[in-house]
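Here is my input; please provide its structure:
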Amino acid sequence: MVDPGKRNVDGEAVIVGQLEQFLHPIIDESQELKVLAKGLPASPGAAVGKVVFTAEDAAARGRSEPVILVRKETVPDDIEGMNAAVGILTSRGGMTSHAAVVARGMGKCCVAGCEAIRMQESERSFKVNGTTVKEGDWISLDGTTGRVILGKAKTIEPDPQGGDFAEFMGWADRLRRLRVRANADIPRDAQVARRFGAQGIGLSIAGRFAHEGAELIASSPAQFAAHIKTESARWGKVVKEAEGLRAN
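Predicted coordinates for the structure are as follows:
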């Protein structure tokens, strides 16, 4: 993207998608890869994890190990498992499917509409082009190209402080007239925003908190009280992150 022989960026245009690929992990192309199938590149980035077939399993196992949620298609009730998974793979749906839209909102890798996959949910496995992948097997997703890869592929983490991305953003800093603020609903988002040079928090939505709280009220007042305590501490961290960004 960056031409070492050109440094004058006045009047130049860059497609947003070209920059977005620098914000997520990518598959290391120097290794040998066994590509099982290709779906739609619904949300960019790379994800490596063990296959699970239900949102409940993703939520439980995702606390201790990386998992990829594999479904025919996702529904709103799958949100907890989607949040716990490092990546999402569906055999149905398009770029505006539930899985695609939610994954992009979460910043998670997603390959959608991979029609070559034949789900065998009762056997907790799927078949694709003569290969059977069982629950617990490792797969890798390339959300930028839509590839589904067998095994644990090596990935390259984004480096916002160096390389072509940092150089390009340096050019933008010299030309821009506006301050850049990030959306952050949880402390992790605020930390990522700081790494990538955000100058403040512009919007924070408590929708996830409200959704989780409503479910707990219905199930257990005691759990809801504990949830309030935990979330209060979490939001305190968000405020501190915002203040830190503002100070910088």
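
Break this structure down into its domains, please.
24-156, 163-247 (automatic domain parsing).

Distance check, the residue nearest the centre of the chain against M169.
Nearest residue to the geometric centre of the chain (C-alpha atoms, centre = their mean): K108, 1.4 Å. Taking C-beta to C-beta, to the nearest Å as the measure, K108 falls 23 Å from M169. For every residue, glycine as well, the C-beta is placed using N, CA and C.

got any ranges where the chain has weak pLDDT?
1-18, 20-21, 185-188, 204-248 (pLDDT under 70).

Tell me where it has helices.
Taking DSSP state H to define them, one finds helices in the chain at 16-20, 55-61, 79-84, 98-106, 163-175, 187-195, 207-219, 221-247.

who's in contact with the longest strand along the chain?
The longest strand of the chain (DSSP state E) is strand 46-52. Strand 46-52 is contacted by residues 24-27, 58, 61, 65-70, 81, 85-87, 108-109, 126, 133-144, 152-153, 155 when judged by C-beta atoms under 8 Å, 6 or more residues apart in numbering.

ok, of those, which come out buried?
Buried members of the contacts of strand 46-52, scored by 16 or more other C-beta atoms under 10 Å, are 24-27, 58, 61, 66-70, 81, 85-87, 108-109, 126, 133, 135, 138-144, 153, 155.

list the contacts for E121?
Applying C-beta under 8 Å, 6+ apart to E121 gives the contacts F53, K72.

how far away is it from E157?
Following C-beta to C-beta, the distance that separates E121 from E157 is 33 Å.

With Q120 instead?
Q120 sits 34 Å away from E157 when distances are taken as C-beta to C-beta.

Neighbour count: those two, which is higher?
A direct count of neighbours by other C-beta atoms under 10 Å for Q120 and E157 places Q120 higher, at 14 against 8.

so how far is V128 from that one?
11 Å.

With R71 instead?
Separation of R71 from V128 (C-beta to C-beta): 15 Å.
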